[in-house]
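*Asks:* Predicted structure and sequence below. I'll ask about it afterward.
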Amino acid sequence: MKKHWGKTLEAPLCVLLGNLILAFTVVAFVSPKGIIMGGATGIGLTISHYLPINLSMVIFIINGIFFIFGAVILGKKFALMTIVSSITYPIFLALIQRIPRIDELTDSYFLATIYGGVLLGVGIGLIVRVGSSTGGTDGLALIFNKFTHVSVAMLLYVIDFSVLLLQVIFSDTEQILYGILTLVLCTLVLNRVTLLGKSQIQLFVISPKYEEIRKSLLKKIDVGVTMVAIESGFDKKEMKGVLCVINNRKLYAINELIREIDPQAFVTISRINEVRGRGFSLERVKSENRE
């Protein structure tokens with residue numbers, strides 16, 4: 001029951017937390033230093049530069065327009081996916097703007113860029129991770145994709161680049177350079193957050209003594225293994241490879257065990273970002289009669 005509730009609450013909590021982080025970052029670091037941005041926030045920064053309108057109100061209107069068009073053209077699925085972000089993000093912006101001296105956390109453009117890029121990546125990553133959307137230009141890209149069949153990623157790049165160009169007109173060279181650095185940091189962190197999980201190590205062992213290695217891993221190290229049918233390239237001999245996913249602490253012991261059994265075993269070791277299924281995200285089932 002607890003796991004069920006946890007899964008149910010995970011998506012809305014991630015979306016709310018992600019939008020809260022985004023709003024805080026824009027108010028505390030991006031907007032005060034005039035760092036250029038893409039998306040609906042970038043459009044809002046451009047409009048608020050020329051017109052004396054509150055940033056949160058501008059973004060609320062922009063998100064509302066994109067949301068209506070998206071809901072009409074793309075349907076209910078899009079509406080459900082973006083409605084939370086479209087409403088909560090501007091609200092969080094308005095609330096955080098009321099915090100005294102929130103825009104005076106740092107006088108350094110460099111620190112604002114570093115914190116801005118990292119926190120933007122975390123915020124967007126939390127939202128994207130649970131299959132939701134930040135609203136705004138995401139919806140515009142999906143609309144164009146429906147009619148042009150150009151990839152959403154490419155359309156987002158084009159739209160964001162166009163938004164950046166709008167801000168270049170009234171931004172100085174440093175603001176532009178810092179804006180580019182912010183986007184790079186945001187992208188790097190975003191990719192990390194969306195793949196965030198229990199980092200594990202995957203081993204693939206090729207050895208004529210695969211059966212002995214299999215039994216030793218099961219009994220002595222107590223790890224799950226998968227046997228993969230393979231054929232040697234030189235003599236075309238049919239054999240089996242031993243595949244297993246382990247945590248970092250067991251790597252040394254397994255390496256030593258394999259060396260004892262077959263010092264010439266071919267072993268590949270790679271790091272994987274996330275593991276799901278029996279033994280990891282699901283409870284492991286142990287058998288007393290394993291061979």
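*Replies:* Yes, it's here. Just so we're clear, the structure is a prediction, and the values are computed from it rather than from any experiment.

*Asks:* Now do the helices in the stretch 1-150 of the chain.
*Replies:* 2-25, 31-33, 39-50, 55-74, 76-97, 109-129, 137-148 (DSSP state H, counting those that start in this stretch).

*Asks:* Ok, which of those helices comes nearest L183?
*Replies:* In terms of C-beta to C-beta, the element of these nearest to L183 is helix 109-129, at 7.2 Å. C-betas here are computed from N, CA, C, even on glycine.

*Asks:* Name the spans of this structure whose pLDDT lies under the cut-off.
*Replies:* 1-8, 77, 131, 151-153, 195-199, 273-291 (pLDDT under 70).

*Asks:* before we move on, the earlier item: quick one: the helices of the stretch 1-150 of the chain as TSV, columns for mean neighbour count and distance to S171 too.
*Replies:* Below are the helices of the stretch 1-150 of the chain laid out as TSV (neighbours: other C-beta atoms under 10 Å; distance: least, C-beta to C-beta, whole Å):
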stretch	mean neighbour count	distance to S171
helix 2-25	16	18
helix 31-33	20	10
helix 39-50	21	9
helix 55-74	19	16
helix 76-97	19	20
helix 109-129	22	12
helix 137-148	18	19
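
*Asks:* so can I have JSON lines of these showing distance to A229?
*Replies:* Formatted as JSON lines, the helices of the stretch 1-150 of the chain follow (distance: least, C-beta to C-beta, whole Å):
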{"stretch": "helix 2-25", "distance to A229": "35"}
{"stretch": "helix 31-33", "distance to A229": "58"}
{"stretch": "helix 39-50", "distance to A229": "48"}
{"stretch": "helix 55-74", "distance to A229": "44"}
{"stretch": "helix 76-97", "distance to A229": "41"}
{"stretch": "helix 109-129", "distance to A229": "35"}
{"stretch": "helix 137-148", "distance to A229": "41"}
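
*Asks:* Please name whichever of these is nearest to T187.
*Replies:* It is, among those and with distance given as C-beta to C-beta, helix 109-129, at 6.9 Å.

*Asks:* which residues sit against that closest one?
*Replies:* 14-15, 17-22, 24-25, 28-30, 32-33, 35, 85, 106, 133-134, 174-175, 178, 181-194, 196 (C-beta atoms under 8 Å, 6 or more residues apart in numbering).

*Asks:* and with 6 Å instead?
*Replies:* 14-15, 17-18, 21-22, 25, 29-30, 33, 106, 134, 178, 181-182, 185-186, 189-190, 193-194 (C-beta atoms under 6 Å, 6 or more residues apart in numbering).

*Asks:* Skip the chain neighbours and tell me the closest residue to A265.
*Replies:* Nearest non-adjacent residue to A265, counting by C-beta to C-beta, 6 or more residues apart in numbering: S207, 3.8 Å away.

*Asks:* Could you check how many residues crowd around that neighbour?
*Replies:* 20 (other C-beta atoms under 10 Å).

*Asks:* same deal with the one 10 residues further on?
*Replies:* L217 is flanked by 23 other residues according to other C-beta under 10 Å.

*Asks:* correct me, but it touches M227?
*Replies:* No - at 10.9 Å, L217 does not count as touching M227 under the criterion of C-beta atoms under 6 Å.

*Asks:* any common contacting residues for these two?
*Replies:* By C-beta under 6 Å, 6+ apart, no residue touches both L217 and M227.

*Asks:* Please list all residues in contact with the most centrally placed residue in the chain.
*Replies:* The centroid of the chain falls nearest to T194 when counting by C-alpha atoms, centre = their mean (1.9 Å). By C-beta under 6 Å, 6+ apart, the contact set of T194 is G125, V128, R129.

*Asks:* Quick check: buried residues in stretch 247-259?
*Replies:* By 16 or more other C-beta atoms under 10 Å, the buried positions in stretch 247-259 come out as K250, I254, I258.

*Asks:* taking these one by one, which sit in helices?
*Replies:* If you go by DSSP state H, the buried residues of stretch 247-259 have I254, I258 in helices.

*Asks:* Which one of the helices of the stretch 1-150 of the chain lies nearest to L164?
*Replies:* Comparing the helices of the stretch 1-150 of the chain by C-beta to C-beta, helix 39-50 comes nearest, at 6.6 Å.

*Asks:* Fine by me, thanks again.
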